[in-house]
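Student: model this:
(one chain, ligands or ions: 2)
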Amino acid sequence: MKLIIGIGGVTNGGKTTLTNKLMQALPNCCVIHQDDFFKKPDRIEVGEDGFRQWDVITSLDMEAMVNTIKGWQENPVKFARSHGVSVTPKAEEQEPDNAIHILIVEGFLLHNYQHILDVYDQRYYIAIPKEECKRRRSTRTYTVPDPPGLFEGHVWPMYLKHRKEMENNCNGIEYLDGLKSKEEIYNQVYESIHNNLLNRL
Ligand SMILES: Nc1ncnc2c1ncn2[C@@H]1O[C@H](COP(=O)(O)OP(=O)(O)O)[C@@H](O)[C@H]1O
Ligand SMILES: O=C(O)c1ccc[n+]([C@@H]2O[C@H](COP(=O)([O-])O)[C@@H](O)[C@H]2O)c1
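Tutor: Ligands and ions are numbered 1, 2, ... in the order given. The predicted model follows:
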């Protein structure tokens with residue numbers, strides 16, 4: 001059985017933290033990070049506001065991300081091996097449909113890409129308020145560091161726009177309060193994945 005879990009959410013909401021904890025607990029679990037598909041800085045458009053437009057779907061090579069998901073769907077054991085993920089001996093021996101294989105896809109614009117909304121068996125979205133988001137982001141350094149004013153001028157307005165779009169276009173999302181402790185969020189999601197797996201077995 002193959003299960004694909006989509007963890008979307010605001011920048012610095014806690015997607016990676018949650019994903020890492022789930023990966024340690026779930027069997028045969030691979031991950032795809034949307035951040036790994038950012039285009040090179042010289043291919044990111046500069047807006048009228050003077051900022052490089054990082055926080056839009058066109059800044060990402062979504063075709064490559066979809067192909068990576070397809071690679072996992074075609075052969076999760078091979079995908080796991082080539083990504084350094086250990087697979088249980090039982091899953092190695094059996095056909096992929098007779099063992100549990102899980103893929104977590106995480107990213108800030110996951111539920112805004114219409115072409116693959118159906119690919120996810122379960123969808124989550126983590127949100128935190130603006131001030132906490134700004135505080136957490138100020139402690140973080142990306143491969144391309146934020147220029148002054150990017151958060152107020154680009155990141156947060158784009159978040160509000162995309163969130164509205166997502167709420168209008170995407171159903172079946174379980175919303176997570178990113179202000180809860182890391183442990184509480186993890187427990188909530190682990191339990192919900194566990195229940196989903198039980199229902200499918
Ligand atoms: N539930 C939480 N409570 C407090 N801080 C958190 C929580 N989850 C994550 N963080 C912190 O917030 C920052 C961003 O977390 P991260 O998981 O990298 O976010 P994202 O992947 O959504 O950008 C990190 O410093 C992380 O330790
Ligand atoms: O990872 C990169 O190369 C990168 C380069 C420039 C910007 N980013 C920022 O990465 C943010 C999304 O990632 P995350 O982990 O904060 O959800 C988004 O808000 C972008 O502004 C990321």
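Student: which residues does the closest residue to residue 45 other than its chain neighbours contact?
Tutor: Counting by C-beta to C-beta, 6 or more residues apart in numbering, the nearest residue to residue 45 once its immediate chain neighbours are dropped is residue 53, at 4.9 Å. Just so you know, the C-beta spots here come from the backbone N, C-alpha and C atoms, and that holds for glycine as well. Residues in contact with residue 53, defined by C-beta atoms under 8 Å, 6 or more residues apart in numbering, are 44, 45, 46, 47, 59, 154.
Student: roughly how far out does the lengthiest helix in the chain sit from the chain middle?
Tutor: Scanning the chain for the helix with the most residues, using DSSP state H, yields helix 182-200. Mean-position distance between helix 182-200 and its chain equals 16 Å (C-alpha atoms, centre = their mean, to the nearest Å).
Student: Please apply the same query to stretch 52-70.
Tutor: With C-alpha atoms, centre = their mean, you get 12 Å for stretch 52-70.
Student: hey, C-alpha coordinates of it in CSV?
Tutor: In CSV, the C-alpha atoms belonging to stretch 52-70 read as follows (Å, rounded to 0.1, in the frame of the first residue of the first chain):
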residue,chain,number,x,y,z
ARG,A,52,12.9,38.8,-6.4
GLN,A,53,9.6,37.0,-6.5
TRP,A,54,10.5,33.9,-4.6
ASP,A,55,7.2,33.2,-3.0
VAL,A,56,5.2,32.3,-6.1
ILE,A,57,4.7,28.9,-7.7
THR,A,58,6.7,29.9,-10.9
SER,A,59,9.8,30.2,-8.8
LEU,A,60,9.7,26.5,-8.4
ASP,A,61,10.4,23.8,-11.0
MET,A,62,7.1,22.0,-10.2
GLU,A,63,7.4,19.7,-13.2
ALA,A,64,10.6,18.3,-11.7
MET,A,65,8.9,17.9,-8.4
VAL,A,66,6.0,16.0,-10.0
ASN,A,67,8.4,13.7,-11.8
THR,A,68,10.2,13.0,-8.5
ILE,A,69,6.8,12.0,-7.0
LYS,A,70,6.1,9.8,-10.0
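Student: Buried ones in the helix or strand bottoming out on mean pLDDT in the chain, by neighbour count?
Tutor: Ranking every helix and strand in the chain by mean pLDDT, DSSP states H and E puts helix 89-93 at the bottom, with a mean of 84. Using 16 or more other C-beta atoms under 10 Å as the test for burial, helix 89-93 gives residue 91.
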